[in-house]
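**Student:** got a sequence here, can you model it:
(one chain, ligands or ions: 2)
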Amino acid sequence: MIRVRSVVKQYDTVRALDGVDLDVAAGESVALMGASGSGKSTLLHLLGGLDAPSAGAIEIGGLNLEKLDDTELSRFRRERLGFVFQFFHLLPTLSVLENTMLQGRLAGLEEGALRIRAEALLDRVSLRSRGDEKPDVLSGGQRQRVALARALVTRPMLLLADEPTGNLDSVSSADVLTLLSEMVRENNTTLVMATHSNEAAQIAGRVVRLKDGKISKSY
Ligand SMILES: Nc1ncnc2c1ncn2[C@@H]1O[C@H](COP(=O)(O)OP(=O)(O)OP(=O)(O)O)[C@@H](O)[C@H]1O
Ligand SMILES: [Mg+2]
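**Tutor:** Ligands and ions are numbered 1, 2, ... in the order given. Have a look, this model is predicted:
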């Protein structure tokens, strides 16, 4: 599913990634761990096509990212990837249901089918009855559950999560992790998650440790 080869990312004077090789199989869940500044978010950004490596190659689901033009890359992101972030990134002017449907609209899914899918996902994260409310009335854990539903509405092959529990209390965090692991398994979605939390890493089948932009351990 993911093949990363000799990837380097240089920002001015900082070498954020320094020769990373990584293979992730379809359906696998991987936790990226390592100290602050070790390159976790940088690697996720490159996997998501949000930024390009300075050197090396990234292949996802048989697509070589550097060979895609901007249109193909944004289409790939819309249709094949899901993202979950530390600070949720829900749109405040849209309702919970509209937020959940958003990615599907961008991917061009048919409205009726999309609504059914979004409602089923909100049901899955126990928030179906909150669909008409705005995200700002929800708790952090509830917002992250909406973000999870939103990320999965297109049934992406790859879900990228950057510290998805980094801003949650331990109870909400445990909730989100349980849902995350169950939902990626149900959908056979590949998961790559950056995290500082050992509890979060436990839902992953494998931990990959980064140190100074290099993979120091994989277990
Ligand atoms: N846009 C950028 N411009 C310049 N330097 C950057 C940029 N993004 C990241 N860096 C640098 O690259 C290195 C890796 O950063 P990255 O955000 O990937 O770390 P991280 O492992 O995600 O850390 P954290 O656990 O704190 O989120 C850091 O030294 C950071 O300062
Ligand atoms: Mg980070």
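**Student:** quick check: Gly39 touching Gly19?
**Tutor:** No - distance between Gly39 and Gly19: 10.9 Å, which falls outside the contact criterion (C-beta atoms under 8 Å). C-betas here are computed from N, CA, C, even on glycine.
**Student:** looking at this, Leu22 is in a strand?
**Tutor:** Yes - residue state for Leu22 (DSSP: H, G, I helix; E, B strand; the rest coil) corresponds to a strand.
**Student:** still on that earlier bit, what do Gly39 and Gly19 both touch?
**Tutor:** Taking C-beta atoms under 8 Å, 6 or more residues apart in numbering as the contact definition, Gly39 and Gly19 share the neighbouring residues Gly213.
**Student:** how about Arg209: what's its closest non-neighbour residue?
**Tutor:** Residue nearest to Arg209 in three dimensions, not counting chain neighbours: Lys217, with 4.1 Å by C-beta to C-beta, 6 or more residues apart in numbering.
**Student:** and that neighbour, how many neighbours?
**Tutor:** Lys217: 11 surrounding residues under other C-beta atoms under 10 Å.
**Student:** next one: Ser139
**Tutor:** Residue crowding around Ser139 was assessed by other C-beta under 10 Å; the count is 11.
**Student:** next up, the contacts around it.
**Tutor:** Neighbour list for Ser139: Ser172 [criterion: C-beta under 8 Å, 6+ apart].
**Student:** tell me the secondary structure for the closest residue to Met33 other than its chain neighbours?
**Tutor:** Across the structure, with C-beta to C-beta, 6+ apart as the measure, the residue nearest Met33 apart from its sequence neighbours is Arg209 (5.3 Å). Secondary structure state of Arg209, per three-state DSSP, is strand.
**Student:** doesn't Ala35 make contact with Arg209?
**Tutor:** No - shown here, Arg209 and Ala35 do not form a contact pair, counting by C-beta under 8 Å, at 9.5 Å.
**Student:** which of the two has more neighbours?
**Tutor:** For the pair Arg209 and Ala35, the greater number of neighbours falls to Arg209 (18 against 12), based on other C-beta under 10 Å.
**Student:** what about the more buried one, distance to Thr13?
**Tutor:** According to C-beta to C-beta, to the nearest Å, Arg209 stands 24 Å off from Thr13.
**Student:** which bits of this structure sit near ligand 1?
**Tutor:** Proximity of the chain to ligand 1 is confined to 11, 14, 16, 34, 36-42, 194 under the rule C-beta under 6 Å from any ligand atom.
**Student:** and the buried ones among these, selectable in PyMOL?
**Tutor:** Buried residues within those, as defined by 16 or more other C-beta atoms under 10 Å, are selected in PyMOL through the command that follows:
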select buried, resi 16+34+38+39+40+41+42+194
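**Student:** so of the residues of the chain next to ligand 1, which ones are in helices?
**Tutor:** Secondary structure assignment (DSSP state H) places 40-42 from the residues of the chain next to ligand 1 within helices.
**Student:** quick check, pLDDT for Lys217.
**Tutor:** What the model reports as pLDDT for Lys217 is 84.
**Student:** contact partners of the helix or strand hosting it?
**Tutor:** Using DSSP states H and E, Lys217 falls within strand 214-218. Outside of strand 214-218, the residues within contact range by C-beta under 8 Å, 6+ apart are 17-22, 34, 206-210.
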